[in-house]
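> Here is my input, please return the structure:
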Amino acid sequence: MSFSTDWKETVDPGEKARFEMLSKQITDIQKRRMERAGQPFRAVHRKAIAAAKAELRIGNDAPEALRVGLFKAPATHACWVRFSNGSGSHQADRKQDVRGIAVKVFDVPGPKALPGAQATTQDFLAIQIPATPFKNAEEFVAFVRGAAQPATLLPKLVGEFGLVATVKMVAKLAGTARYKVDSFATARFFSALPIRFGPYAVKYAFVPRQEAGAAVAHTGDDFYRADLVKRLAAGPLLYDLKVQPFVDEKRTPIENAAIEWRESDSAYLKVAELYLPQQDIASAEGGALAERVEAASFDPWHALEEHRPLGAMMRARGVAYFDSTQQRKAAAEP
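Residues are numbered from 1 along each chain as shown. So this is what the prediction gives:
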């Protein structure tokens, strides 16, 4: 099986300064919120649903060409998993939001994407939608700024990007509602943005093996956590980690973050399994793990060079995640 290596990044010479300015806008919002709350927290994905211990199990599932980097040979790696809501506010689970999963894989040696990085970790971050509603970092940051005052959000977006671009953005935001999360145990989570996979470029997804079963009662402020506590106490959870290879710039663009890579153009291929063993995440031991996970940072740039993030949105995240991590004084990489 062969895959295209014709992908490329397009880097604007002035983007580093732009990304630093956008990052400052995000961290200023984070700083004001932390000052009001009197405690540090993340700029986005603030509310943790649950933290769990896990294993990334790499077998012989991947096609030969995709056995690269972390996935070069069969192995089992210990992991931390953080499930979260996407908002920068700590809000009830019933409010519409973009849910996410972050996985920190341990004992991953090799050259790192960040110059000078020494930690042997590899992070994978994914959300419930396969593409972002925002084509670039400017749109995303404008939305985050405007969301702090919802009544004036639309006029601000129109003023900054014009009516046509705002209508497209709002339509894409509305379209995310079809990716409803009934339970974190049965939802698919997508990288939404590409990474390197050796000589190739891919997006990835965590695809649950467990079926929906009985409907989760969406009552109370923290029903997602209650569901995971119950499920993990009863038995393990299992997700397939799958990758979707780049095809060509038109159908699977690297730089335009708002264009979905359709599965009809590029099918997902299994490369590993994420296994969460049976555990009591509500116990004292589970609480201690949750504290360590909350103190940690999850960043797509905690990566091997062979799995380096790709595209302008990922490069902007590299600046913003670092600044946010420094501001809340997150723990160093374990």
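> For the lengthiest helix in the chain, buried residues please.
Determined from DSSP state H, the single longest helix within the chain is helix 15-37. For helix 15-37, a neighbour-count test (16 or more other Cβ atoms under 10 Å) marks E15, R18, F19, L22, S23, I26, T27, I29, Q30, K31, R33, M34 as buried. All C-beta atoms are positioned from the backbone trio N, CA, C, and that covers glycine.
> and which of those residues is nearest A201?
E15 (18.9 Å; Cβ to Cβ).
> returning to what we had before: I'd like to check what contacts the longest helix of the chain. Which residues are they?
12, 40-43, 88-89, 137-138, 141, 144-145, 148, 312, 315-316, 318-320, 323-324, 327-328 (Cβ atoms under 8 Å, 6 or more residues apart in numbering).
> got the contact list for A43?
I26, T27, I29, Q30, G88, A320, S324, Q327.
> The chain: strands as residue ranges?
Along the chain, the segments classed as strands by DSSP state E run 48-58, 75-84, 100-106, 121-127, 189-190, 195-197, 200-208, 237-245, 269-276.
> so which of those is the most packed in?
strand 189-190 (a mean of 26; mean count of other Cβ atoms under 10 Å).
> Just list what that strand packs against, helices and strands only.
On a contact count with 3 or more Cβ pairs under 8 Å, 6 or more residues apart in numbering; DSSP states H and E, strand 189-190 meets strand 121-127, strand 200-208.
> Count residues in the vicinity of P111, would you?
Neighbour count of P111, defined by other Cβ atoms under 10 Å: 11.
> show me where pLDDT drops low in the chain?
Scanning the chain for pLDDT under 70 picks out 35, 37, 146-151, 173-175, 177, 214-215.
> now the helices for it?
15-37, 137-147, 153-161, 163-175, 223-234, 284-295, 312-327.
> Among those, which comes closest to A126?
Nearest of the helices of the chain (Cβ to Cβ): helix 312-327, 13.2 Å.
> can you tell me how far Y179 sits from R18?
Note on Y179: its distance to R18, by Cβ to Cβ, to the nearest Å, is 30 Å.
> how close does S23 get to F140?
Distance from S23 to F140, by Cβ to Cβ: 11 Å.
> likewise D123?
Distance from D123 to F140, counting by Cβ to Cβ: 19 Å.
> ok, F197 touching P245?
Yes: taking Cβ atoms under 8 Å as the definition, F197 is a contact partner of P245 at 7.5 Å.
> joint contacts of those two?
L66.
> From the structure, what's the count of residues near E211?
Around E211 there are 7 residues (other Cβ under 10 Å).
> separation between it and E333?
36 Å.
> if we can go back for a sec, which one of the helices of the chain lies nearest to S264?
Comparing the helices of the chain against S264 with Cβ to Cβ, the closest turns out to be helix 163-175 (17.4 Å).
> Quick one: list the elements packing against the closest one.
helix 137-147, helix 153-161.
> contacting residues around the longest one?
Put plainly, it is helix 137-147. With Cβ under 8 Å, 6+ apart, helix 137-147 has contacts from 18-19, 22, 25-26, 29, 44, 88, 132-134, 152-154, 156-157, 160-161, 165, 169, 312-313, 316-317.
> D221: what's it in contact with?
Neighbours of D221 in contact, by Cβ under 8 Å, 6+ apart: A92, D93, R94.
> Of those residues - the most surrounded one?
D93 (20 neighbours).
> coming back round to it: got the angle between the longest helix of the chain and helix 312-327?
Relative orientation of helix 15-37 versus helix 312-327 (axes from the mean of the first three to the mean of the last three Cα atoms, to 10 degrees): 40 degrees.
> related to what we said a few turns ago, please identify which of the helices and strands packed on helix 163-175 is closest to S183.
helix 137-147 (25.8 Å).
> Buried only: go through the contacts of helix 15-37 for me.
Buried subset of the contacts of helix 15-37 (neighbour count, 16+ other Cβ under 10 Å): 41-43, 88, 137-138, 141, 144-145, 312, 315-316, 318-320, 323-324, 327-328.
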